[in-house]
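Asker: Build me a model:
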Amino acid sequence: MYRFLLTPRWWGINVFVALAIPLCIFMGTWQLGRFEDRAEAQKEAERAPTAEELRPTPLDELLPVDKETSGRTATASGSYGEQFLVPGRQLEGRTGSYVLTLLKTDGGRALPVVRGWLPEGAAAPAAPGGRVSVEGALQASETVGKDGVHAAGGLPRGQLAMISAASLVNVVPDQVYDGWVTLTEADAGLRPVPATLPEGAGLDLKAFQNLGYSGEWFAGVAFILFMWVRLFRREVEMLKDEELGLALEAETATGGEDAGAGAAEAAPVAAAAVPGPGGAEGRGQGSDTGTGTGSAAGRTSV
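Answerer: The predicted structure is shown next:
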């Protein structure tokens, strides 16, 4: 009955199912793991920082910026240089600009420092002169599409679309750190900018996309199994129908032979029962003729 499973067609179907189901399970598990990682990062961000995280650490010890060091308190020393505005940034529902000033460190590299947030139309205060020491939350370089980053270019001189080494490399002559610091305490006339979660962390839209993708992959497993069972049952039903059809043909052929034999036996009986042409009528006519002749002769002799 199930020998059809060994046909080339079903070999192809079974190989596809055997490869597709593990792939769907792997991809669904991977997407679910991505969502769980983001949920865990969200919990980590919401918990109170530890004493180790709050302890100011020299900048060079926290580089490169990753999920572990993002948000840690970094310290650096140097002198302020060029200053830029980063427009289109919101703080507590209001739109304004970040005031970003490059700090030329003792190592000769420039560190982007966000000194605070400024409402639209307000003038940015000048940076402190001389040698300064800064302390703030370390942040990774921004990328297009990140929260708050909308423009990629076309801004007036002295403004930046995003805070990154890539956007500053052609603007300033110094080598720029791949990361930036937002001051814990903003300068006079500015409001402090809170640190943000590292990219790829937190329950954002992408996190729920990962959850949705995992559901689609697991649904794919159910769909593949459903289609395989459906094809299998259909194949079995077709084989049963074919066997049933052959049995009916055999019964039909046997019934036809029996009907032919019965008709042959009944033919002589029917032929005997049917009178020949003029048989009864001839006998009747003969009897009547004899009687009539005898009667006529008697009458003549008298």
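
Asker: Tell me, how many residues neighbour the residue nearest to E235 when sequence neighbours are not counted?
Answerer: Spatial nearest neighbour of E235, excluding adjacent residues (Cβ to Cβ, 6 or more residues apart in numbering): F4 at 5.6 Å. C-beta here means a position set from N, CA and C on the backbone, and glycine is covered the same way. Per other Cβ atoms under 10 Å, the neighbour tally for F4 reads 13.

Asker: Tell me who's in contact with V134.
Answerer: With contacts defined as Cβ atoms under 8 Å, 6 or more residues apart in numbering, V134 is in contact with 75-77, 103, 111, 113, 181, 183.

Asker: Just the buried ones out of those, please.
Answerer: Among those, those classed as buried by 16 or more other Cβ atoms under 10 Å are 75-76, 103, 111, 113, 181, 183.

Asker: From the residues you listed, pick the one nearest Q83.
Answerer: Nearest to Q83 among the buried ones among the contacts of V134 is V113, at 9.8 Å by Cβ to Cβ.

Asker: Surely that closest one touches L103?
Answerer: Yes - counting by Cβ atoms under 8 Å, V113 does reach L103; the two are 4.9 Å apart.

Asker: Common neighbours of these two, please.
Answerer: 80, 134.

Asker: what would the buried ones among the contacts of V134 look like in a markdown table with pLDDT and distance to A122?
Answerer: Compiled in a markdown table, these are given as follows (pLDDT from 0 to 100; distance: Cβ to Cβ, whole Å):
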| residue | pLDDT | distance to A122 |
| --- | --- | --- |
| T75 | 95 | 28 |
| A76 | 95 | 27 |
| L103 | 96 | 22 |
| L111 | 96 | 24 |
| V113 | 96 | 19 |
| V181 | 96 | 22 |
| L183 | 95 | 18 |
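
Asker: Let's see which of those residues end up in strands.
Answerer: 75-76, 103, 111, 113, 181, 183 (DSSP state E).

Asker: of these, closest to L23?
Answerer: Lowest distance from L23 to those (Cβ to Cβ) belongs to V181, with 44.0 Å.

Asker: So the nearest residue to F208 once chain neighbours are set aside, which state does it fall into?
Answerer: Using Cβ to Cβ, 6+ apart and skipping the chain neighbours, the partner closest in space to F208 is F35 (7.6 Å). With DSSP: H, G, I helix; E, B strand; the rest coil as the basis, F35 sits in helix.
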